[in-house]
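> Pasting a predicted model and its sequence here:
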Number of protein chains: 2
Amino acid sequence: MEPVKNFPRLCRTLGYEFNNLDFLKQALTHRSAANKHNERLEFLGDSILSIVISDALYHQFPKATEGDLSRMRATLVRGDTLAKIAQEFKLGDYLKLGPGELKSGGFRRESILADAVEAIIGAIYLDSDLEKIRIILLEWYAKRLEEIQPGVNQKDAKTRLQEHLQGFKKPLPVYQVVSVEGEAHDQTFTVECRIDGLKDAVIGVAPSRRKAEQIAAAQVLELLKK
Amino acid sequence: MEPVKNFPRLCRTLGYEFNNLDFLKQALTHRSAANKHNERLEFLGDSILSIVISDALYHQFPKATEGDLSRMRATLVRGDTLAKIAQEFKLGDYLKLGPGELKSGGFRRESILADAVEAIIGAIYLDSDLEKIRIILLEWYAKRLEEIQPGVNQKDAKTRLQEHLQGFKKPLPVYQVVSVEGEAHDQTFTVECRIDGLKDAVIGVAPSRRKAEQIAAAQVLELLKK
């Protein structure tokens, strides 16, 4: 049975009145529910979000390095931020899911919600233009853009992995350098990360130990999302 | 000694006349050469390129899946495509590099060239607007967009790794499944990839063997770029 969907209310929440409501409906349709689903819209929305946030950060932080800009952008556009926005919009009430996905919880559900936000961004863009969706996105992100600062608030993969495990009251991950190759100024670090419940260590390779640990942690996070 | 830089000629090649030539000069300045370098412009250019190509592909291929669209986008925006565009523009003649980078060759040089293309995209955008840079990018990419097809021409990481090694007359990579975990419909494959000259195997983890191999190959390619 399909829930009653109050689209006018959702449009008020989003701050956008669709000319063609089909775009919105498609954006809310997961691939498990129908042939005309939201994945192509999500493909578009992902790039639109990126340029709008990049442009905003570029002008908001005229002195920030590219590294800081990239980290801030990653924080603002990544899955769990989008999932939070989806929850603020109560998108879960509007999603059209197939029978298999209706029961899905946790990470899986979060990622479906995050994808739907990107799809809605694509839908508004197609229904209007880039300037319109830019204005709307800057509304959606007003508080987050106000709060973000270079070098702070950007939780890296190690921090997120640690917090995730703590949330489930599990032991902390263990990182270990497996090998260091190359000459002093041009080294390659191989680091493994082990967590309770994963039989194999996951390996990260990078020119610094810190970076290799981050890569390994990010891979473990990906595994945990499954 | 700095080479003579014929900016008007470069502008003709790019198809864009700068109002403020400082944007172009900054886009051509590598971080090794000056404090005011091109990394922030590159940050912007990356997102601009992504939305312009995404939008073009979305409309050009109304039936393509999100997966095909993503693969085509990845092909069109990745480093070696941008490096080829840089070579078409003879950007190497205009780049401002520090003494350490002047000698750099191979992969390193290609990546500097690719970054400069992204920075020029950011520079044109700041000097004009998104519609202008969109028109210019569609010019730059006209032939590539005409030729690209869903499901073909998108060389994946394994193919690129193989071609790279063949180019250096080295043996082909060896892939091996290290472990398979989980139940039949929810498995996790750990695959290692070994190549001549790298002591350690590089590991990829994914829900399918094919994908795990691709991840491992992509990581090896990253290592080879250093």
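Yes, it's here. Numbers count the residues shown, from 1 in each chain, chains lettered A, B, ... in the order given.
> count of neighbours near residue A:207?
15 (other C-beta atoms under 10 Å in any protein chain shown). The C-beta positions use only the backbone N, C-alpha and C, and glycine is treated the same way.
> Just confirm it contacts residue A:185, I think it does.
No. Counting by C-beta atoms under 8 Å, residue A:207 sits too far from residue A:185 to count as a contact (9.9 Å).
> Can you pull the phi/psi pair for the residue sitting nearest the centre point of chain A?
When C-alpha atoms, centre = their mean is applied to chain A, the residue found nearest the centroid is residue A:79 (1.7 Å). Note on residue A:79: its backbone torsions stand at phi -50, psi -50 [degrees, to the nearest 10].
> which residues touch the closest residue to it other than its chain neighbours?
Counting by C-beta to C-beta, 6 or more residues apart in numbering or on different chains, residue A:114 is the residue found nearest to residue A:79 once chain neighbours are left out, at 4.4 Å. Taking C-beta atoms under 8 Å, 6 or more residues apart in numbering or on different chains, we find residue A:114 in contact with A:79-80, A:82-83, A:86.
> Heading C-terminal from the helix or strand of chain A with the lowest mean pLDDT, find the next helix or strand.
Across the helices and strands of chain A, mean pLDDT, DSSP states H and E gives its lowest value to helix A:99-102, namely a mean of 76. Using DSSP states H and E, the helix or strand that follows helix A:99-102 towards the C-terminus is helix A:106-127.
> For that next one, give the mean pLDDT please.
For helix A:106-127, mean pLDDT rounds to 91.
> again with stretch A:214-221
Predicted confidence along stretch A:214-221 averages 88 (mean pLDDT).
> now stretch A:196-205
Per-region confidence: stretch A:196-205 scores 85 on mean pLDDT.
> pLDDT below threshold where in chain A?
Flagging of chain A using pLDDT under 70 yields the residue ranges A:1-4, A:104-107, A:152-154, A:226.
> any idea how far chain B is from the residue in chain A sticking out farthest from the centre?
Relative to the average C-alpha location in chain A, and by C-alpha atoms, centre = their mean, no residue lies farther out than residue A:183, which sits at 37.0 Å. For residue A:183, the distance to chain B (C-beta to the nearest C-beta, to the nearest Å) stands at 12 Å.
> Ok, residue A:55 next?
Taking C-beta to the nearest C-beta as the measure, residue A:55 falls 7 Å from chain B.
> Give the buried residues for the helix or strand that contains that residue.
Assignment of secondary structure by DSSP H and E places residue A:55 within helix A:39-60. Within helix A:39-60, the residues scored as buried using 16 or more other C-beta atoms under 10 Å in any protein chain shown are A:39-58.
> and if you look at stretch A:18-25?
A:18, A:23-25.
> Redo those residues as a markdown table? Include distance to residue B:96.
As requested, those are exported to a markdown table (distance: C-beta to C-beta, whole Å):
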| residue | distance to residue B:96 |
| --- | --- |
| A:18 | 48 |
| A:23 | 46 |
| A:24 | 48 |
| A:25 | 52 |
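> Please, where are all the strands along chain A?
Listed from the start of the chain, chain A has strands (DSSP state E) covering A:174-181, A:188-194, A:202-206.
> Contacts for stretch A:9-27, please.
The set of residues external to stretch A:9-27 that reach it, using C-beta under 8 Å, 6+ apart, is A:7, A:36-38, A:41, A:89-90, A:94, A:96, A:116, A:119-120, A:122-124, A:126-128, A:132, A:136, A:139-140.
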